[in-house]
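Novice: Sequence and predicted structure are below.
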Amino acid sequence: MVTNGHLPEKIRAAQYSIKTNSLSINEIPLPTPTKDQLLIKVASASLCHSDLMHFEPNEAGIVLGDGAPVTIGHEATGYIVSVPESCQNPTLKVGAKVGFLCPENVCYECAGCQVHNAWCEDGKAVMSGFGRDGFFQEYVTSHWRNAIVLPEGLDLYEAAPLFCAGVTSWQGVTEAGIKPGQWMGIVGCGGLGHLGIQYAKNLGYKVIAIDLVDAQLEEAKRGGADYTFNPKTDKDYLEKVKEITGGGCHAAVNYTNSVAAYDSTPALLRFDGVMMIVGIPQKGVTVNALEVALGRFRVKGASNSVPQKMGPCIEFSAKHNIKPHVTFYKLDQIQEMIDTMHAGKATGRLAVKFDD
């Protein structure tokens, strides 16, 4: 193992306790990498709505650990501190600036791992921030296959959200399969949606942004959305969308955790349009089976996908200057971050910037 030495014995971590349903800043031992893991000094870690699932009931089948305190967080960037001898990526060197995804204990090779590592046929998959300690701590371990060196032009701290929100929003936009010049609806313009808008515009799509929060719609305009609508204040927005688009959007990507938002998404679509399921509500989403069977609209899904597919997103982000809107905090302020997101007052992404 190659290392730069001078490592602390203890580090600080934001950990969730299922016993108290609360978060605390704890001192924990420096994590020890396995034979296939990098040791990374975290530069920035950003908050995802999925992190809030620790505090909320869910019917999505998401298992949130075994009851022991767990460090939350699954999107981050940092500096490589040590590299395992098994690493086959020559760009991963001590001192390199990297971003990384969250799967561990997976094979990366089976049919399931080509879709999402949660489906690894080994049956031992865990996700950092849920089944193992995540990234809101000063040092983390991550399998070398999860990591990618940041291209020139990506800010080390601002890039953290790209490694969940970025890759997820990218997959939601690109997997819709529409053509440049066609219309894409973006439902939910927050952490994922504000990035989805930037990707969609730079791919040549025309964008209609939908959100219930005016501040999010202002962010959508800054990101290049052609039209924005707030369904709370514009009751005729669906008719306006149909008129603007000449019959409806070719695709609509739903980044929200709202069942009501999903219920209204098909109405944004033209015949044979695509509804992309990306956001995960606490309760299940239902669709009209008859409408799907008769081709009224199609349904597809997207997620953060797998490490081998993150390269195009990260490279595109650097080339086209895709920038997450990030508000930085200290680790001690993480409860404030969670409260802000819970209240629906977060614009863009909220992140902890660790001390240099």
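Specialist: Everything's here; your move. Everything numeric here is computed off the predicted structure, so don't read it as measured data. Numbers count the residues shown, from 1 in each chain.
Novice: drop to CA atoms for contacts and neighbour counts, all remaining ones
Specialist: Noted.
Novice: what's in contact with stretch 189-196?
Specialist: Contact with stretch 189-196 is made by 48, 165-166, 168-170, 172-173, 186-187, 197, 209-211, 216-217, 219-220, 223, 255, 322-325, 346-349, as judged by CA atoms under 8 Å, 6 or more residues apart in numbering.
Novice: just stretch 143-158 next, same as before
Specialist: Contacts of stretch 143-158 (CA under 8 Å, 6+ apart): 36-38, 43-44, 77-78, 83-84, 87, 89, 91-92, 96-104, 307-308, 311, 314-315, 317-319, 321, 323-326, 353.
Novice: still on that earlier bit, I'd like the list of the contacts of stretch 189-196 that fall within strands, please.
Specialist: 186-187, 209-210, 349 (DSSP state E).
Novice: nearest residue to Thr228 other than its sequence neighbours?
Specialist: Using CA to CA, 6 or more residues apart in numbering and skipping residues adjacent in sequence, the residue nearest Thr228 is Ala209, 4.7 Å away.
Novice: again with Val167
Specialist: Distances taken as CA to CA, 6+ apart place Asn304 nearest to Val167, at 5.3 Å, with adjacent residues excluded.
Novice: what's near enough to touch the one you found?
Specialist: With CA under 8 Å, 6+ apart, Asn304 has these contacts: 164-165, 167-169, 171.
Novice: Go through those residues and name the one nearest Ala267.
Specialist: Nearest to Ala267 among these, counting by CA to CA, is Ser169 at 21.3 Å.
Novice: show me the contacts for the closest one.
Specialist: Ser169 neighbours (CA under 8 Å, 6+ apart): 192-193, 195-196, 255, 278, 303-304.
Novice: Thr34 and Val140, how far apart?
Specialist: Remark: distance between Thr34 and Val140 (CA to CA, to the nearest Å) = 12 Å.
Novice: Please tell me the pLDDT value assigned to His49.
Specialist: His49 is assigned 84 on the pLDDT scale.
Novice: What is the burial count for it?
Specialist: His49 has 19 neighbours, counted by other CA atoms under 10 Å.
Novice: Disregarding residues adjacent in the polypeptide, which is nearest to it?
Specialist: That would be Met341: by CA to CA, 6+ apart, it lies 7.5 Å from His49.
Novice: okay, now that neighbour: neighbour count?
Specialist: Neighbours of Met341 (other CA under 10 Å): 20.
Novice: and it, what helix or strand is that in?
Specialist: helix 334-342 (DSSP states H and E).
Novice: quick one: contacts of that helix?
Specialist: Residues contacting helix 334-342 (CA under 8 Å, 6+ apart): 14, 23, 47, 49, 52, 329, 346, 350-352.
Novice: Quick one: these as a markdown table, columns for distance to Thr265 too.
Specialist: A markdown table is the format used below for these (distance: CA to CA, whole Å):
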| residue | distance to Thr265 |
| --- | --- |
| Ala14 | 36 |
| Leu23 | 35 |
| Leu47 | 26 |
| His49 | 20 |
| Leu52 | 24 |
| Tyr329 | 34 |
| Ala346 | 23 |
| Leu350 | 27 |
| Ala351 | 30 |
| Val352 | 33 |
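Novice: Give me the distance from the helix holding Met341 to the chain's centre.
Specialist: Helix 334-342 has its C-alpha centroid displaced from the chain centroid by 17 Å (CA atoms, centre = their mean, to the nearest Å).
Novice: Secondary structure element for Ile80, which one?
Specialist: In this assignment (DSSP H and E), Ile80 forms part of strand 76-83.
Novice: Can I get that strand in CSV, CA atoms only?
Specialist: The C-alpha trace of strand 76-83 is given here as CSV (Å, rounded to 0.1, in the frame of the first residue of the first chain):
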residue,chain,number,x,y,z
ALA,A,76,-18.0,13.6,-1.8
THR,A,77,-14.6,14.6,-3.1
GLY,A,78,-11.2,14.4,-1.6
TYR,A,79,-7.5,13.6,-1.8
ILE,A,80,-6.1,10.1,-2.1
VAL,A,81,-4.0,9.3,1.0
SER,A,82,-3.2,5.6,0.2
VAL,A,83,-3.6,3.3,-2.8
